[in-house]
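In: Please work out how this folds:
(3 chains)
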Amino acid sequence: MTKSHLNMAYRRVNGPGQSLTSILSHNNCGIHQPCRTGTHNICMVSDFFYPNMGGVESHIYQLSQCLIERGHKVIIVTHAYGNRKGIRYLTSGLKVYYLPLKVMYNQSTATTLFHSLPLLRYIFVRERVTIIHSHSSFSAMAHDALFHAKTMGLQTVFTDHSLFGFADVSSVLTNKLLTVSLCDTNHIICVSYTSKENTVLRAALNPEIVSVIPNAVDPTDFTPDPFRRDDNVITIVVISRLVYRKGIDLLSGIIPELCQKYPDLNFIVGGEGPKRIILEEVRERYQLHDRVRLLGALEHQDVRDVLVQGHIFLNTSLTEAFCMAIVEAASCGLQVVSTRVGGIPEVLPDNLIILCEPSVKSLCDGLERAISQQKSGTLPDPEKIHNKVKTFYTWRNVAERTEKVYDRVSREVVLPMDKRLNRLISHCGPVTGCTFALLAVLNFLFLIFLRWLTPDSIIDIAVDATGPNGAWTQQYSYSKKGEENKEISESR
Amino acid sequence: PYPEPSVRCEVVGWQKVLYERQPFPDNYVDQRFLEELRKNVSARKYQYWSVVFESGVVIQQLCSVCVFLVIWWYMDEGLLAPQWLFGTGLASSLVGYVLFDLIDGGTGRKKSGRTRWADLKSALVFITFTYGFSPVLKTLTESVSTDTIYAMSVFMLLGHLIFFDYGANAAIVSSTLSLNMAIFASVCLASRLPRSLHAFIMVTFAIQIFALWPMLQKKLKACTPCSYVGVTLLFALSALVGLLTISGVGAILFALLLLSISCLCPYYLIRLQLFKENIHGPWDEAEIKEDLSRFLT
Amino acid sequence: MEVERIFSDIYGGRLALQRRQYSPFCREFCLGCPRLSLRSLTAATCTVWLVAYGLFTLCQNSMVLSAAIFITLLGLLGYLHFVKIDQETLLIIGSLGIQMTSSYASGKESTTFIEMGKVKDVVINEAIYMQKVIYYLCILLKDPVEPQGVSQVVPVFQSAKPRLDCLIEVYRSCQEILALQKVTSGSP
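Out: Numbering: from 1, shown residues only, chains lettered A, B, ... in the order given. Reported below is the predicted structural model:
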């Protein structure tokens, strides 16, 4: 990802003063902005975005890029990461607001439900946003944005990236909050059917308003390269964060079990985490220093180089909504062995994956099957696997399907305040419902106060970088003279 | 609470896979939706009488506290001679000691590998030390007001009841803490008795009733459930009679408490099971059932 | 040639932009903020005195009252001399440079001059300011070491904070002069 510069190119519009004032006169934008047919002004909100790395982050980035390509205006709102705060532009004019909000835990911001309203409202108004798309149920900012957007009467979409249990106290509480947050959200997107079932149960939703749109991988980033691997030995690759939920304890049982049985077997483990210590202990205990390589944390661009060195990819996750890693591995032409948990059985067809129960014995059996297939040469050619996998998941397809959700949502009406309160009280239980209904009313009063303080009419409309009138999209048609004027996208 | 999934007839069947483009909208709800949902997988069916039987541990512990307090009251009033209590305590301890080995035919002792000589030694050491320190115990809390001592004892005994190991697998259970609190309460109360001999005998008695007696009970319960029921009833009855000699109202209240714990609470537990709705499905985090520590040892 | 247009600042207040064109290479922009209104002055003074009187009734010390008088007087002086800016001027001379002047309400003036050789460009940028996201005009200075880089960003009209339409007007004029300057300096 490159940090790009934007030529603001005000010169492109012949009479910007006039055109701006004509839009300014239409000042009730927050309440009911008629949606132009075809394109939407989308605001993605999540605590998780670059420079943080992970599934949610790349999902937001790739989806935004494909939506921009399809002519929509997309902006991203996240919290400041260290020195990276203010407004930045990424490739093809993707505008990112890094808001100076305090981070509380695990890169998620603290929430008081109100403090982010002034800034978010200002952004929603100046960018003329019509659809708020929040990501990840772990992100407080995403839920805040949903809450404010509903108060402002904007359409809302939420994407859930994770699975949750129902048993312990913490999940009971989070599920309740999710129920509150999603009960008046227009549409919800899940990344797999299992995730949909989970979300519908957790938030007590009508399954009709939940769509399943899987994640995708960029197939050009993950191409096989059979010459990079050493065919004299068999190499098993594991790439995941080294935490309990990824089943690293199982891995610590598999490694000695198989290494003792097969002298020509090597392991490559990529990733970092608190469970690294037990892998090191196993390596020490069984004297496997030359056969088990622990690479530590990997940069995203290095993942492919590690993957192509192996024959078999092993995933030991204990819970997983979609699992991008196995698709990436299969795209690199590796035979995938994985636990049968969460949405994993939906991701790859049976001939590309060996599914096992989450136990050392079952996983060893699965790996031994893969090893014997590899030795006998019955595994399909990596190139063939790649060609097949690359048709499965593409970001363009994801963007198309997400666009359908936006089209559907933009035709729906946002619940007016009275109905929203009724919905909260009837849907979330008496205590929680009434509490949050009160909070919604307070939020609405706060919004009225803010509108009195700074009316929508004195908020400048932002110059679109993307979308139908995007400065960025028309930049290239503009004469090359514009190149001289570089705008650094640095805030004060 | 969820609306019935709508059923649509299509020529091609829907598959729960993500890698194929299917001729259904993304928000399609198949009739197989939530078919892997399981409820109350690990829920236990409770039998009324077995729950009542299990509640015996709680009854026993409540009675222990009651008996301890009754004995203390008698000592405090001077109605019970300390020599007499010591004699009875020693005798019943010896009987209990013999019983402890007899119940399981000495298998427990063989397993632990502990000799009788070691038992005798630790008993002697304990008695000597308590006897030696009993004058200190007596004067230890002299500067503290009696009300504070009583309040502290009440809290400590309550804490003993809360943290006692009733056999439940919960984070709050801590048998050492529970025993320590009981002993602390006994030290507090003993310091209010007339003489240091009284204090010594009170603490010894507390050890017997809070440390040794539960061990014997546990063994009784495991080996001869019938006699355990008998012993529990007898113990509860004696505690009640003891309390009755002090206060009639207290005895009635205590009897009601025992009854509600042993009869009403189990009934309530079984009734509430009907409302249990524990949801399981493929989204649950898988549990590692094997013992993985063998790879590291 | 002098043109005056009315714009508003980001709080909705009135701003008057005077544009004086001395020659094709030399323009001056003058942003006048509204003068200190009698109403707000009275309001501030009254508040301070009310508080002082409240304290006086509590502690019965007449020092409080005299202190209040001094505080209001000194505060007003300080405000007029260091805080309240009545007018901000941007003078751009193609061959020479850019001069920014801010005149305080007391009459004090502070001037910054940037010579043309140092100016890389004049641009409009966005920033998060308090609970707002605003546009501002700024001058980019060349990095003496690396000609492509930017060493410093100097914001213009910092106190007036005009809105985008006003900024665009100034921006285009500046760009015209910068472009002319480039043409003339490029072909001597």
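In: The residue in the stretch 51-200 of chain B that chain A sits nearest to and C:S159: what is the separation?
Out: Going by CB to the nearest CB, chain A is nearest to B:A171 of the stretch 51-200 of chain B, at 11.9 Å. From N, CA and C alone the C-beta is placed, and that goes for glycine too. Summarising the geometry, the distance separating B:A171 from C:S159, computed by CB to CB, to the nearest Å, is 60 Å.
In: Name the residue in the two with the higher neighbour count.
Out: When B:A171 and C:S159 are compared on other CB atoms under 10 Å in any protein chain shown, the one with more neighbours turns out to be C:S159, at 15 against 5.
In: What's the local residue count around the closest residue to the more buried one other than its chain neighbours?
Out: In this structure, C:S159 finds its nearest non-sequential neighbour in C:I85, 4.2 Å apart by CB to CB, 6 or more residues apart in numbering or on different chains. Here the neighbour count serves as a burial measure; for C:I85 (other CB under 10 Å) it reads 20.
In: how near is C:I85 to chain B?
Out: C:I85 is 57 Å from chain B, where distance means CB to the nearest CB, to the nearest Å.
In: before we move on, what about C:P24?
Out: For C:P24, the distance to chain B - CB to the nearest CB - is 61 Å.
In: what do you get for C:K161?
Out: Distance check for C:K161 against chain B: by CB to the nearest CB, it reads 46 Å.
In: same check, this time on C:F56
Out: Taking CB to the nearest CB as the criterion, C:F56 is separated from chain B by 50 Å.
In: Now do the same contact list for the residue nearest to that residue when sequence neighbours are not counted.
Out: Computed as CB to CB, 6+ apart, the closest residue to C:F56 that is not its neighbour in sequence is C:V64, at 4.8 Å. Counting by CB atoms under 8 Å, 6 or more residues apart in numbering or on different chains, C:V64 makes contact with C:52, C:55-56.
In: likewise C:F157?
Out: C:31, C:88, C:90, C:136-137, C:167, C:170.
In: In a strand, A:L295, correct?
Out: Yes. According to DSSP: H, G, I helix; E, B strand; the rest coil, A:L295 belongs to a strand.
In: and it, what pLDDT?
Out: A:L295 is assigned 92 on the pLDDT scale.
In: thinking again about what came up before, could you rank the contacts of C:F157 by neighbour count and give me the top one?
Out: For the contacts of C:F157, the largest number of neighbours (other CB under 10 Å) sits with C:L31, at 25 neighbours.
In: those strands in the stretch 1-150 of chain B, which residues are they?
Out: Listed in chain order, the strands of the stretch 1-150 of chain B (DSSP state E, counting those that start in this stretch) span residues B:38-39.
In: Just the helices from it, written as ranges.
Out: According to DSSP state H, counting those that start in this stretch, the stretch 1-150 of chain B carries its helices in the segments B:48-54, B:56-77, B:82-103, B:107-112, B:116-140, B:146-163.
In: where along chain C do the strands fall?
Out: Under the criterion DSSP state E, strands of chain C are mapped to C:2-8, C:14-23, C:26-32, C:85-93, C:97-104, C:109-115, C:119-129, C:132-142, C:150-156.
In: follow-up on the earlier one: dump the contacts of C:F157 to a markdown table, plus distance to chain B and pLDDT.
Out: Putting the contacts of C:F157 into a markdown table (distance: CB to the nearest CB, whole Å; pLDDT from 0 to 100) gives the following:
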| residue | distance to chain B | pLDDT |
| --- | --- | --- |
| C:L31 | 53 | 90 |
| C:E88 | 55 | 92 |
| C:L90 | 55 | 93 |
| C:Y136 | 43 | 93 |
| C:L137 | 46 | 94 |
| C:L167 | 44 | 93 |
| C:V170 | 49 | 92 |
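In: For A:T432, state which of these is nearest.
Out: Taking CB to CB as the measure, A:T432 sits nearest to C:Y136 out of the contacts of C:F157, at 43.7 Å.
In: Spatially nearest residue to the closest residue to chain B within chain C (excluding sequence neighbours)?
Out: Sorted by distance to chain B under CB to the nearest CB, the residues of chain C start with C:V133, at 34.1 Å. Nearest residue to C:V133, sequence neighbours excluded (CB to CB, 6+ apart): A:Y122, at 5.5 Å.
In: just the CA coordinates of stretch B:211-220, formatted as PDB?
Out: Only the C-alpha atoms of stretch B:211-220 are listed here, as PDB (Å, rounded to 0.1, in the frame of the first residue of the first chain):
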ATOM      1  CA  ALA B 211     -10.200 -29.800  59.800                       C
ATOM      2  CA  LEU B 212     -10.500 -33.500  60.900                       C
ATOM      3  CA  TRP B 213     -14.300 -34.000  60.900                       C
ATOM      4  CA  PRO B 214     -14.800 -33.000  57.200                       C
ATOM      5  CA  MET B 215     -12.000 -35.400  56.200                       C
ATOM      6  CA  LEU B 216     -13.800 -38.300  57.900                       C
ATOM      7  CA  GLN B 217     -17.100 -37.200  56.400                       C
ATOM      8  CA  LYS B 218     -15.700 -37.200  52.900                       C
ATOM      9  CA  LYS B 219     -14.500 -40.700  53.400                       C
ATOM     10  CA  LEU B 220     -17.800 -41.800  54.900                       C
END
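In: Mind listing what's buried along that stretch?
Out: B:213-214, B:216-217, B:219-220 (16 or more other CB atoms under 10 Å in any protein chain shown).
In: gap between it and the chain center?
Out: The gap between where stretch B:211-220 is centred and where its chain is centred comes out at 12 Å by CA atoms, centre = their mean, to the nearest Å.
In: Next: stretch B:154-164.
Out: The offset between the C-alpha centroid of stretch B:154-164 and the centroid of the whole chain comes to 11 Å, using CA atoms, centre = their mean.
In: Could you give the average pLDDT over it?
Out: Model confidence over stretch B:154-164, given as mean pLDDT, is 94.
In: what's the answer for stretch A:460-469, then?
Out: Per-residue pLDDT over stretch A:460-469 has a mean of 86.
In: low-confidence ranges in chain C?
Out: Applying pLDDT under 70 to the predicted model, the residue ranges of chain C that meet it are C:186-188.
In: Next secondary structure after the strand or helix carrying A:L146?
Out: When elements are assigned from DSSP states H and E, A:L146 belongs to helix A:140-152. For helix A:140-152, the following helix or strand on the C-terminal side (DSSP H and E) is strand A:155-160.
In: Now render the helices of the stretch 1-150 of chain B as TSV, adding distance to C:T184 and mean neighbour count.
Out: Rendered in TSV, the data for these read as follows (distance: least, CB to CB, whole Å; neighbours: other CB atoms under 10 Å in any protein chain shown):
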stretch	distance to C:T184	mean neighbour count
helix B:48-54	99	14
helix B:56-77	98	20
helix B:82-103	110	14
helix B:107-112	103	12
helix B:116-140	100	13
helix B:146-163	90	16
